[in-house]
Structure formats: structure tokens, C-alpha cells
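>>> no FASTA, just this:
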């Protein structure tokens, strides 16, 4: 057992006595020396273990008077203190089961890095799935059930889906430490929560720079016009492409858009034109459409996607691969850091740029 676990054991011992009423207001506790002997720790570590109680004015330490209880715990403090004793971090996944491990930003690589980072600090990752088709009216009951079942040290909610906002609201009401793992750097309406995820705007910049380095002179940003659900992360990538193009042209050029609806943007080769698709799936769809016109990527035009989706590996796409090991590690580090802070931790945002992967389509 490491020092953190030993201090947590002291904290949990005193907390249990306070919650049960064995230690009451005005009552005396075992002295720090007695607790040191009981747990085999130095007085320094015992004092550190009880620091949260001292800071909130629940316990006082008087010279020659030992430890005493100065007031009862509030109900919200009982919940917060119980959570701080937990070694669990709860991850809420609301993607359908068939997508849980297949989408490019939520898979075993991300989970392995997250679990490893948490385990190094003595924390265990536990996952709960939101039943598919859950109505937003059921969210309060689901959230309360999860928190009461695990009493987690922190909660991670994966962004996306139609009930995501409701999930965030109720987990925030129930817990001090809620994190969002997102593939979008902009989450409308949740500025109170810490976010870790993919830096889509920087990825757009990297895609445009990769195209220019390959000899492109014109950029065409391609997006699926009939799917407003993906507009946020899609347009973050477009913003990055636009910024890079304007810098490259000293502010004289703007990116052109092509809303995809099954067709291809041109019928003759344009070797200096680069299509930047909002993800690999759309890039693969564009390549198929181009081949129906006799146009081959890398030979007649250039194309770049996002995601490095293994479902489209046969297309040998130039793409940007999310740095999932780093994202998982950054999220774990943010959670671990929050566990050293009493109450709600500072709000942080860590967005990680993806890694350019150049293949045959440039």
C-alpha cells in the first residue's frame, strides 16, 4: 500500500466515525499520535490525511487538547467526502454497443492509455453504458443510479448523442468532478466543465499544410450537406483549413466548399487541387465517386481525410490520426490532478492535435 492509500485509510476511518455519529460535535477523537500507531504512519502523514477536515472546520487540533469535532457534517459534505475516498473513476458511454470500440476516437487504444494513467495513481476505471433509446426524462434516474452505485472519485462523460447535454447537467449536479471527453473542441453551453479531446481546428491547419507541401495550389473543403449533427467538429476542421490558407496566401484567398451529395466536384483531372474531406468515410465516398469519372487520387487530384479509420485502410488515404495514447494520458492526468483538489477543481481544456499520416492519395 502506497502513502496515498495509507492516508486515504486514515481519512476513511475518521469519516466513517463522523457519519455514523460515533464522533459527535464537541467530542474527542484519538490523538494524531494514537492514529499514527494505529495505522503505522508518521504524525506528518496522519495530519495530511485529515487536512480536508481541518480546512472545512470540521475538526480542530488544539495544543495538548488533541483532536475534537467542531461541527457536524452537512449532507453535501458527506457525499463529497465519500466520493473523495473512492478509488473509482466512472466513465459514461452512450454510444450504441456496435460503435463502442469501432469509432476512431473511442477504442481500445484510448481506453488502454486512460486506464494505465489512472492505475498509476491507484484509481480504477469503471464503465457504464446508457441504454440505447433512453429518453431524456430518464436521465436523472440513470445518473443518480450510477453515482450511488459506484460513489466515484470523478466522472467522465463521452460527448455526443442526443441526450448528452442532459447527461452532463445531471452528473454535474450530482458530482464535483465531471470531465468531458470530446472529439469537438467547442461544446456549446457547458463552460463549467473540463474537456479533453481532439484539437480539430489545429488538425485542419495540419491538413492544409500537408496539402501545400505536396504541391497543392487550390483547396476544396468537402462536407456532407445532409448531416447537421456533425457540424461542430466538421466546421472546426474547416476553420483550421481556412486559417492555414489565408496565412499561406497572405490573407488573399478563402477556402472553397463542396457539399457532398453523391457526386464529385469535377470531371477532369486537377492535379494541383486538394480535396479535404471532413472525415475518412467521406473521403472514401469521394474517391469512389471520382473513379466513376475515371479519376484516380494521387494521380489526377489530391485528397486528405481525418481519423485514420481502419474501415477505409484499402484506400491508402492520407489522413490525420487522433493521438489517442496522448489523449487518454492527458485525460487521466487531468482526473488525477483534480483528485488532489477539494471541491470543484479548476476548469481545464486540453485539446490534442492529430498526427499527419501521408499515404498514396497525395
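Thanks, I have the structure now. These numbers were taken from a predicted model, which means no experiment stands behind them.

>>> please enumerate the helices of the stretch 1-150 of the chain.
Using DSSP state H, counting those that start in this stretch, the helices found in the stretch 1-150 of the chain span residues 3-20, 32-39, 43-49, 51-55, 75-85, 108-119, 139-150.

>>> for residue 336, which of those helices is the nearest?
Minimum separation from residue 336 across the helices of the stretch 1-150 of the chain (C-beta to C-beta) falls at helix 108-119, 7.0 Å. Glycine gets a C-beta too; all of them are placed from N, C-alpha and C.

>>> helices or strands next to that closest one in the packing?
Contacts defined by 3 or more C-beta pairs under 8 Å, 6 or more residues apart in numbering; DSSP states H and E place helix 108-119 against strand 124-129, helix 324-338.

>>> against which helices or strands is the longest one packed?
Where contact means 3+ C-beta pairs under 8 Å, 6+ apart, helix 324-338 is packed against helix 108-119, strand 154-158, strand 178-182, strand 194-198, strand 349-352.

>>> and the angle from the second one to strand 124-129?
Compare the direction of strand 154-158 with that of strand 124-129 by axes from the mean of the first three to the mean of the last three C-alpha atoms, to 10 degrees and you get 40 degrees.

>>> just the first one next, same as before
For the pair helix 108-119 and strand 124-129, the angle between their directions (the same axes, to 10 degrees) equals 140 degrees.

>>> what are the bridge partners for the residue nearest the centre of the chain, then?
For the chain, the residue nearest the mean C-alpha position is residue 181 (1.9 Å; C-alpha atoms, centre = their mean). Beta-bridge partners recorded for residue 181 (DSSP bridges): residue 158, residue 196.

>>> how close does it get to residue 195?
8 Å (C-beta to C-beta, to the nearest Å).

>>> okay, and the closest residue to residue 216 other than its chain neighbours sits in which element?
Among residues not flanking residue 216 along the chain, residue 274 sits closest, at 3.7 Å (C-beta to C-beta, 6 or more residues apart in numbering). Using DSSP states H and E, residue 274 maps to strand 273-277.

>>> show me what that strand packs onto, helices and strands only.
helix 200-213, strand 218-224, helix 280-292, strand 302-304.

>>> for residue 137, find the nearest of these.
Nearest of the helices and strands packed on strand 273-277 (C-beta to C-beta): strand 218-224, 30.9 Å.

>>> list the buried residues of the next helix or strand after the closest one.
Sequence-wise, the next helix or strand downstream of strand 218-224 (DSSP H and E) is helix 231-248. Under the neighbour-count criterion of 16 or more other C-beta atoms under 10 Å, helix 231-248 has 232-245, 248 buried.

>>> much appreciated, bye for now.
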